[in-house]
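Visitor: fold the following, please.
(2 chains)
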Amino acid sequence: MTMIISKQKDIETIRKTIGTNPVFIIGCSECATLCGSGGEKEVLAMKKTLEGFHIPVTGWVILEPACHLNNDKRLLKKYKKELEQTRTILVLACGNGAQTIAEILDDKDVIPGTDTLFVGEIQQATEFEKRCTLCGECYLDVFGGLCPIARCPKSMMNGPCGGAVQGKCEVNSDLMCIWDQTYQLLKKKGKLHLLSVIQKPKDWSKSQEMKRSL
Amino acid sequence: MFSSTLQKRLSEQRFVITAEIGPPKGADVAVIRRKADMLRGCADAYNVTDNQTAVVRLSSLAGCVTLLQMKLEPIMQLACRDRNRIALQSDVLGAAALGIRNMLCITGDHQSFGNHPAAKGVFDLDSIQLLQIIKNMRDEGIFESGDTLRAERPVVFLGATVNPYADPFELHLDRLRKKIEAGAQFIQTQSVFNVERFCGWRDEVRSLGLDKKIPILAGVTPLKSVKMTDRMKFHVPGVDIPDSVYSRMKNASDPLKTGFEIALETIRELKTMGGIHGIHITALFWEEIIPSLVQEAGVSPEA
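Guide: The predicted model follows:
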């Protein structure tokens, strides 16, 4: 399963931004729940932590999911009273979720409680890895299904840099070199010829799409 | 016929020498002038690095223009890390207009290794794409977008780098072929310490006929100290220092002398092995060794 991977900011940063104001906490039922940054468990733990610092928590909700504008509007109506008691909304969802909420609660201060990292894969319940940079034009087919734009720190499209040591990326030894993996995979499939083609410079204008309508 | 002296000498089948000049961390070309004066006559052309290892230094373009003013032949390095296709093409035009006739296209070390690890890496292009773009600007008079150049085309001799020690071996050989196809006209390799493995790579290059298509300048870096040897062996990705070289440096009573001797032996072996068209000397923080190195190795351009 693929999703937007976020992680909670450290509590000191969150505390500093909130000050001593009462706060309403919003989580998300989808990505933030699965990557442990803003599901019910994390929202309740955050509530407890903030109360421990004598920051009043007027209420909380898990949106389904936070990036759904109309759903959010409907759900948040049920928390009118709790929301009236605060100006500060702490959002434990991705950057998109936080903005959807900022759009709806335009008289409140929305504070992001997470940093949004990447679009990634859940490898185990506690392991996530980047897979896509949402570049706007997918041509995974020419790389055997593994994306060097997203997964090579230099986004190299015509082969590896030469710095990998035993298949590990020189920039981050926790990562396998994506070009090494691509080579192994295509060799196994007998399709190394795919890599002999010079890939032209990428059309980054495709990554500038701001709207899509059905 | 050739506007690049480097290209002319390679076409005459001469064994050429290039040497690297690292620009200073400051707004002063005196350092470059001093190094260049010291190296005058030691090499056919001089690479001025482009923010090498992602550490901010005086620009390669400014360094190259300084060399031109001194009547020396510069090789401008262009890294894809810091500039997008607009800035790179603009610098190619500017450099060519000022008289720079050699350009070395590299993707560039990742910014996390340098002195600004928080920088956004650009990597709009990789080195192969950059080679192809400059080739098209020169030969077809078109920019990357297809738009037309309206004045002089940049007449430049294009270089690329290769690491003979990088894995997967087969994929890196194909990358060399792609670089040639994209427009590379000369190759500078990663520094050679393991001559035997380098020979194996040269054999593969020859069996593919690639040495007939492009001159290859083998990299040589004189080791200056045990500390440097340690760093190169264990911490610099893509460098292969064999145990024999390592222990010679480790047991040396005078590491400077031993480092010099190893470099000298390496140059002699590279010169006689065949299939190699010259030497690229990268003497990190030890440029003053280059004159005696090329003299004793008998590869001085004026010899």
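
Visitor: and the stretch 201-303 of chain B, which of its residues are near chain A?
Guide: Contacts of the stretch 201-303 of chain B with chain A, taken as Cβ under 8 Å from any Cβ of the partner chain, map to B:237, B:238. For the C-beta atoms, the positions are set from N, CA and C on the backbone; glycine is no exception.

Visitor: try it again with 10 Å
Guide: Contact residues, the stretch 201-303 of chain B versus chain A (Cβ under 10 Å from any Cβ of the partner chain): B:236, B:237, B:238, B:239.

Visitor: out of the residues you listed, flag the one nearest to residue A:126.
Guide: Comparing these against residue A:126 with Cβ to Cβ places residue B:237 closest, at 29.0 Å.

Visitor: thought residue A:172 was touching that closest one, still the case?
Guide: No: here residue B:237 does not reach residue A:172: they are 11.9 Å apart, not a contact under Cβ atoms under 10 Å.

Visitor: run a quick neighbour tally on residue 95.
Guide: Just going to use chain A. Residue A:95 has 15 neighbouring residues, counting by other Cβ atoms under 10 Å in any protein chain shown.

Visitor: that's the wrong chain, I wanted chain B
Guide: Residue B:95 has 23 nearby residues by other Cβ under 10 Å.

Visitor: equivalent analysis for residue B:88, please.
Guide: Residue B:88: 23 neighbours (other Cβ under 10 Å).

Visitor: so what secondary structure elements neighbour the helix or strand where it lies?
Guide: Assessed by DSSP states H and E, residue B:88 sits inside helix B:85-97. Judged by 3 or more Cβ pairs under 10 Å, 6 or more residues apart in numbering or on different chains; DSSP states H and E, helix B:85-97 is in contact with helix B:60-69, strand B:74-79, strand B:102-106, helix B:127-139.

Visitor: re earlier: tell me which of the residues of the stretch 201-303 of chain B next to chain A is nearest to chain A?
Guide: Among these, residue B:237 lies closest to chain A (Cβ to the nearest Cβ), at 3.7 Å.

Visitor: gap between the residue lying farthest from the centre of chain A and chain B?
Guide: In chain A, residue A:190 marks the outermost C-alpha relative to the chain mean, sitting 35.2 Å out by Cα atoms, centre = their mean. Applying Cβ to the nearest Cβ, to the nearest Å, the value for residue A:190 to chain B is 13 Å.

Visitor: would you tell me which helix is longest in chain B?
Guide: Scanning chain B for the helix with the most residues, using DSSP state H, yields helix B:255-272.

Visitor: and the residue in the stretch 1-150 of chain B positioned nearest to chain A, what does it touch?
Guide: Across the stretch 1-150 of chain B, the shortest distance to chain A (Cβ to the nearest Cβ) belongs to residue B:128, at 4.2 Å. Shown in contact with residue B:128 (Cβ atoms under 10 Å, 6 or more residues apart in numbering or on different chains): A:156-159, A:198-201, B:80, B:105, B:107, B:160, B:175, B:178-184.

Visitor: can you tell me the closest non-neighbouring residue to the residue nearest in space to the middle of chain B?
Guide: Nearest residue to the geometric centre of chain B (Cα atoms, centre = their mean): residue B:188, 4.9 Å. Distances taken as Cβ to Cβ, 6 or more residues apart in numbering or on different chains place residue B:280 nearest to residue B:188, at 4.3 Å, with adjacent residues excluded.

Visitor: what's around the one you found, how many residues?
Guide: 29.

Visitor: what secondary structure does it sit in?
Guide: Secondary structure state of residue B:280, per DSSP: H, G, I helix; E, B strand; the rest coil, is strand.

Visitor: just checking, it touches residue B:6?
Guide: No: in this structure residue B:280 lies outside contact range of residue B:6 using Cβ under 10 Å: 11.1 Å.

Visitor: common neighbours of the two, please.
Guide: Residues touching both residue B:280 and residue B:6 by Cβ under 10 Å, 6+ apart: B:16, B:18, B:43, B:45, B:75, B:159, B:186, B:217.
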